[in-house]
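*Asks:* predicted model follows, preceded by the sequence.
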Amino acid sequence: ASYSVLSAVGRLSPQVLKLSTTVYDPSVHYHQVRDSWIGVRTPDGR
């Protein structure tokens with residue numbers, strides 16, 4: 001029930017829960033793929 005309350009008030013995040021995981025940053029992904037054509041390469045350059 002506590003996770004439902006956190007989700008309802010917008011506080012269900014890795015920072016609030018103090019999880020030891022990397023937090024997704026959409027701006028980093030955008031800068032990795034902004035110059036690539038769709039379907040030609042992956043964000044790590046393959």
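*Replies:* On my side now, so go ahead.

*Asks:* next, give phi and psi for the spatially most central residue of the chain.
*Replies:* Taking C-alpha atoms, centre = their mean, the centroid of the chain lies closest to residue 24, which sits 2.5 Å from it. Residue 24 adopts backbone torsions of phi -70, psi 130, taken as degrees, to the nearest 10.

*Asks:* that one and residue 13, how far apart?
*Replies:* From residue 24 over to residue 13 the distance is 10 Å, taken as C-beta to C-beta, to the nearest Å. Where C-beta positions appear, they are placed from N, C-alpha and C, glycine not excepted.

*Asks:* identify the residue nearest residue 6 in space, chain neighbours excluded?
*Replies:* With C-beta to C-beta, 6 or more residues apart in numbering as the criterion, residue 6 has its nearest non-adjacent residue at 4.3 Å, and that residue is residue 12.

*Asks:* now the one you found, what's its secondary structure?
*Replies:* When classified by DSSP: H, G, I helix; E, B strand; the rest coil, residue 12 comes out as coil.

*Asks:* check which helix or strand residue 21 maps to.
*Replies:* Using DSSP states H and E, residue 21 sits in no helix or strand.

*Asks:* contact partners for it?
*Replies:* Residue 21 sits next to residue 14 when contact means C-beta atoms under 8 Å, 6 or more residues apart in numbering.
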